[in-house]
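*Asks:* okay, here's the prediction I keep looking at, along with the sequence it came from:
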Amino acid sequence: MKIALVGYGQMGHMLRSVAEKKGHEIVLTVDPIAKDADVNASSPEEIAAAVKKSGAEGVIEFTHPSVVVNNIKNLLPLQIPLVVGTTGWNEHKDEIRQLVEKNQTYMFQAANYSIGVNLFYRIVSEAARLVSSYDDYDCALWEAHHTKKADSPSGTALEIASLVMQNMPSKKTIVTDAFHQRPSPEQLHVSSTRIGSVPGTHKVYFDSPFDTIELTHTVRSREGLALGAVCALEWLSKTEKDKKLPCGMYTMSDML
């Protein structure tokens, strides 16, 4: 497959390595500042024009929360399968879903592309369901990432928090700020740390007066994320060609 990479930082370079190992061709790399990118462009219009000119058959977007929505809006009219790895734009999902359907195209979005993380989602969901039967247990989340990560808390942490609330009815609201008063039982605290080069760690705590249960997922390298994103584009491209699923926005649960 001919692939265009929008965003050519650390993740973009890892995506290129993984995609080429799987036999794909990177026909374009776009980034506003990366000196080794094929095109240095920052405006969404320039990016979309470069992707169209490249002849790409699929696009993977890993950029920044401040620009991702405009990038998506300009890439969707190209009607090329689009995988978005940038997080931090949850409030725009309904708008983007409507644009995907309007443009009659295919888009893949996930808070985290790691197969292990998506298995972790299912483990946390089941644990929260089991713990919800026992009133003595409280729950909280913590995550840590490298200092270059732009959003906080991570999209993965927010997805985990959503799964906890779906399966633990006592938790009704997410709090991401520091507490300056005693938390209420219905609040789910999600805290974040940004330090050094940590690829990503997520912890879920179920705590009672008698014991603590901890569930942890730790990323060893970004390669697992890159592999998941490339697999997502392969799946999305095949889905588009086979027309077995309608145009729309898909995610890891659909692929798995």
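*Replies:* Here it is on my side, so go on.
*Asks:* confidence-wise, which helix or strand of the protein is lowest on average?
*Replies:* When each helix and strand of the chain is scored by mean pLDDT, DSSP states H and E, helix 252-255 comes last, with a mean of 91.
*Asks:* show the average pLDDT along the longest helix seen in the chain.
*Replies:* The longest helix of the chain (DSSP state H) is helix 223-242. The average pLDDT within helix 223-242 is 94.
*Asks:* so which elements touch that helix?
*Replies:* Using 3 or more Cβ pairs under 8 Å, 6 or more residues apart in numbering; DSSP states H and E, the elements in contact with helix 223-242 are helix 10-21, strand 58-61, strand 82-84, strand 106-109, helix 115-131, helix 252-255. Using the backbone N, CA and C atoms, a C-beta is placed for each residue, glycine as well.
*Asks:* which residue is nearest the middle of this structure?
*Replies:* Ala111 (2.4 Å; Cα atoms, centre = their mean).
*Asks:* wouldn't that residue be in contact with Leu163 here?
*Replies:* No - using Cβ atoms under 8 Å, Ala111 is not in contact with Leu163, being 10.6 Å away.
*Asks:* Leu215: what's its closest spatial neighbour, skipping adjacent residues?
*Replies:* In this structure, Leu215 finds its nearest non-sequential neighbour in Val204, 4.5 Å apart by Cβ to Cβ, 6 or more residues apart in numbering.
*Asks:* what number of residues lie near the one you found?
*Replies:* 25 (other Cβ atoms under 10 Å).
*Asks:* can you check Ala110 too?
*Replies:* Neighbours of Ala110 (other Cβ under 10 Å): 25.
*Asks:* what backbone torsions are found at it?
*Replies:* phi -150, psi 150 (degrees, to the nearest 10).
*Asks:* does the residue nearest to the centre of the chain count as helix, strand or coil?
*Replies:* coil (DSSP: H, G, I helix; E, B strand; the rest coil).
*Asks:* in stretch 156-174, which residues are buried?
*Replies:* 156-165, 167-168, 171, 174 (16 or more other Cβ atoms under 10 Å).
*Asks:* go on, stretch 41-52?
*Replies:* The neighbour-count check on stretch 41-52 (16+ other Cβ under 10 Å) flags Ala41, Pro44, Ile47, Ala48, Ala50, Val51 as buried.
*Asks:* tell me which residues are up against that stretch.
*Replies:* Contacts of stretch 41-52 with the rest of the structure, by Cβ atoms under 8 Å, 6 or more residues apart in numbering, involve 4, 6, 28, 30, 32, 38-39, 59, 67, 70-71, 73-75, 77-78, 80.
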